[in-house]
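K.L.:
here's a sequence, model it:
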Amino acid sequence: MPPEVWFPILARNRFGVSLSRLHYALGVSAFCPVTSMLAIAQKLGWSRAIAKTQLKRPPVFILGHWRSGTTLLHEYLGLDPQFASPTTYQCFAPWHFLLTEGLIARYGNWLLPDRRPMDNMKAGWALPQEDEFALMNLGAPSPYLRLMFPNHPVPFAETLDSARFAPKDLKVWRQQLEWFVKALTYKTRKQLLLKSPPHTGRLAILRQMYPESKFIHIVRDPRKLYPSTMKLWNSLDENQALQSPTDQSRLESFVLDSLVSMYHAFERDRSSVPESQIIDVRYETFIAKPIDTLEKIYQHLGLGSFDSVRSSWEAKSEQERGYQTNKLQIDPQQEAMILDRWSDYARKYGYLDT
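P.N.:
Numbering: from 1, shown residues only. As a prediction, this is how the structure comes out:
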């Protein structure tokens, strides 16, 4: 992050960095001048071209709660060469990726682990990533900022609902998303395929910005979602936070409240989306019949021919066949709590008897 983004974050959190994580903060702070110079170089070299860039076609957005299968769906769809998705490097270095990505992608793989700690899926700079990370790194308001200070109140939780954005935050958020989408389009010259769980509650804003965009919405049994999402955030907190996490109850509240907020907004705003522009997918069906599910998506949304990419899907399906998901158990009390707090979601998508 450049200093104009990084130091205000530290100041808002009263520089509350744990001593055991102080080297993380010092490392980022020391690299700030380099980031700033690279950002200036990218701006000088490409700002005019990015501003003039027109989208090839409206984006396709993958929506759904964390751990609902959005990443796997993103990886399958990303095999289609008509699409381009932001890479991990582009999302974590949006300020200068046009200038530096080629070098880091070739020589910097040692900077990342081979596997994601939360689910053992493959990691790498060139793999598709959530654009929410890019927005956060660009200085847009995002609840992902809790990754740095998990013991503090979750910042910008209201941005999980399109109707609750503060006007000034919405302006910044839209500006940064528009810039990043144009920068990616300039880089790839392709239709964009974007995935971020927080966008689930921002359907109305995305529709205002890109009226012809398409939406693929994936759902999963909430009894699987909750423990898997807790494992996700706990893993991120342990490996990336600037604080040693101490408040599990705060995380539990965030996880429970986020789904309610996101899906209150999603269901409210969905009625304005033409049926030809949105489709629901069940994770369980997708895992059981990935090729059939993908063909259904293409046909419903009019994404074009899938014949040329079918062999790539089949190869990935064969590769995924031996993958074992995390075996996360919940007790009867937790199950009752989940189905009570997330009852609307569970009923709507067929995971709870009416």
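
K.L.:
what does the lowest-mean-pLDDT helix or strand in the chain contact?
P.N.:
The helix or strand of the chain with the poorest confidence is helix 97-107; it has a mean of 82 (mean pLDDT, DSSP states H and E). Helix 97-107 has contacts (CB atoms under 8 Å, 6 or more residues apart in numbering) with 38, 41-42, 45-46, 87, 89-90, 93, 111, 125-126, 183, 186-187. Any C-beta I mention is one placed from the backbone N, CA and C, and that applies to glycine too.

K.L.:
who touches the helix or strand that comes right after it?
P.N.:
Per DSSP states H and E, the first helix or strand lying C-terminal to helix 97-107 is helix 131-138. Here helix 131-138 makes contact (CB under 8 Å, 6+ apart) with 1, 5, 86, 90-95, 142, 144-145, 173, 176-177, 179-180, 194-199.

K.L.:
centre of the chain to the least confident helix or strand of the chain, how far?
P.N.:
Chain-centre distance of helix 97-107: 22 Å, with CA atoms, centre = their mean, to the nearest Å.

K.L.:
got it, and stretch 282-292?
P.N.:
Its chain's C-alpha centre and that of stretch 282-292 lie 21 Å apart, by CA atoms, centre = their mean.

K.L.:
repeat for stretch 73-88
P.N.:
How far stretch 73-88 lies from its chain's middle: 13 Å, per CA atoms, centre = their mean.

K.L.:
coming back round to it: among the contacts of helix 131-138, name the ones in strands.
P.N.:
Counted as lying in strands by DSSP state E, out of those, are 194-195.

K.L.:
among the contacts of helix 131-138, which lie within helices?
P.N.:
The members of the contacts of helix 131-138 that map onto helices under DSSP state H are 5, 90-92, 173, 176-177, 179-180.

K.L.:
okay, now the unreliable bits of the stretch 101-250 of the chain?
P.N.:
106-123 (pLDDT under 70).

K.L.:
returning to that earlier point: among the contacts of helix 97-107, who's most crowded?
P.N.:
Neighbours here mean other CB atoms under 10 Å. Within the contacts of helix 97-107, the largest count is held by residue 90, at 25 neighbours.

K.L.:
contacting residues around the residue lying closest to residue 21 once chain neighbours are set aside?
P.N.:
Leaving aside its sequence neighbours, residue 21 sits nearest to residue 242 (CB to CB, 6 or more residues apart in numbering; 4.9 Å). If you count contacts by CB under 8 Å, 6+ apart, residue 242 has them with 16-18, 21, 24-25, 148-149.

K.L.:
which among the residues you listed count as buried?
P.N.:
Among those, those classed as buried by 16 or more other CB atoms under 10 Å are 17-18, 25, 148-149.

K.L.:
report whether the expected contact of residue 282 with residue 218 is present.
P.N.:
Yes. Counting by CB atoms under 8 Å, residue 282 touches residue 218, with 7.5 Å between them.
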